[in-house]
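> no sequence for this one, just the structure:
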């Protein structure tokens with residue numbers, strides 16, 4: 001076998017493995033979307049519960065185009081279904097990258113995946129129970145005399161999904177920083193040096209997500225910065241643990 005053929009064989013093997021992994025991911029998304037569609041009414045009821053809580057039991061969301069309600073159900077089905085099958089998607093992706101990982105990296109990533117999914121569920125629950133109602137109260141309160149709120153179903157669902165994704169991802173921040181430090185990819189010194197950049201990004205995200213006033217932005221900005229500082233602390237602890245393991 002020539003040198004070219006020896007190099008070509010591993011490449012073809014990796015391409016086949018990548019193709020299998022992509023097919024598995026697409027299949028998982030398809031199954032998740034189907035499951036999400038079956039339970040789309042229940043998911044939608046869960047999403048709209050904060051609206052009824054803030055606006056009153058008799059308040060209702062409207063849809064202003066003939067196909068809006070159908071598209072909302074499809075959107076909710078896809079998001080809900082993909083979230084449910086995230087563990088299966090991770091298994092497919094992990095199977096592709098596994099040969100390139102060291103034993104401690106495999107163990108660390110598997111533990112991280114389990115914790116990350118649990119934190120994401122917690123983020124969704126907290127977002128639906130606390131963040132969305134607070135945001136609704138602030139937005140509804142920001143109006144003049146004689147104004148009546150008529151919110152479309154599509155606009156509300158889009159806002160709610162954005163808030164839930166943002167809440168879940170923000171709660172993942174310390175865990176991601178911890179994992180990067182455990183794997184030795186980023187150390188705590190780099191996280192500390194990036195604090196100023198993090199504050200600027202935090203302010204931009206908070207300004208985008210919060211109502212248009214400084215107080216609301218600061219209320220949202222404070223917990224995000226606390227999460228970043230917690231990430232620095234846990235990354236430092238990870239470095240101590242890794243140093244103790246490498247130099248017993």
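Great, that's in hand. Quick caveat, the model's predicted, so the values are computed rather than measured.
> all contacts plus neighbour counts: C-alpha atoms, from now on.
Noted.
> Tell me if I am right that residue 64 is in a helix.
No: looking at residue 64 with DSSP: H, G, I helix; E, B strand; the rest coil, it is coil, so not inside a helix.
> can you count the residues close to it?
Other residues lying near residue 64 total 12 when counted by other C-alpha atoms under 10 Å.
> Residue 205 too?
By other C-alpha under 10 Å, the residues close to residue 205 number 16.
> which SSE is it in?
Using DSSP states H and E, residue 205 sits in helix 195-209.
> Mind listing residues that contact that helix?
163, 217-218, 220-221, 224-225, 228 (C-alpha atoms under 8 Å, 6 or more residues apart in numbering).
> That helix: how far from the chain's middle?
17 Å (C-alpha atoms, centre = their mean, to the nearest Å).
> got the buried residues for that helix?
Residues of helix 195-209 classed as buried: 198-199, 202-203, 205-207, 209 (neighbour count, 16 or more other C-alpha atoms under 10 Å).
> Over to stretch 108-118?
Residues of stretch 108-118 classed as buried: 109, 112, 116-117 (neighbour count, 16+ other C-alpha under 10 Å).
> What of stretch 217-229?
So stretch 217-229, judged by 16+ other C-alpha under 10 Å, has buried residues 217, 220-221, 224-225, 227-229.
> ok, so of those residues, who is nearest residue 69?
Residue 69 has its nearest neighbour among the buried residues of stretch 217-229 in residue 220, at 31.3 Å by C-alpha to C-alpha.
> where's the closest one, which helix or strand?
Using DSSP H and E, residue 220 falls in helix 214-246.
> relative orientation of that helix and helix 195-209 in degrees?
Angle, helix 214-246 to helix 195-209, by axes from the mean of the first three to the mean of the last three C-alpha atoms, to 10 degrees: 140 degrees.
> Let's check: the centremost residue of this protein is which one?
residue 169 (3.8 Å; C-alpha atoms, centre = their mean).
> did I read that right, it in a strand?
No: counting by three-state DSSP, residue 169 is not part of a strand but helix.
> Which residue, neighbours along the chain excluded, lies closest to it?
Nearest residue to residue 169, sequence neighbours excluded (C-alpha to C-alpha, 6 or more residues apart in numbering): residue 120, at 7.2 Å.
> low-confidence ranges in this protein?
Residue ranges of the chain with pLDDT under 70: 1-14, 57, 142-147, 209-213, 215-216, 241-248.
> measure the closest residue to residue 167 other than its chain neighbours to residue 117 for me?
Using C-alpha to C-alpha, 6+ apart and skipping the chain neighbours, the partner closest in space to residue 167 is residue 123 (5.5 Å). Here the criterion is C-alpha to C-alpha, to the nearest Å. By it, residue 123 lies 10 Å from residue 117.
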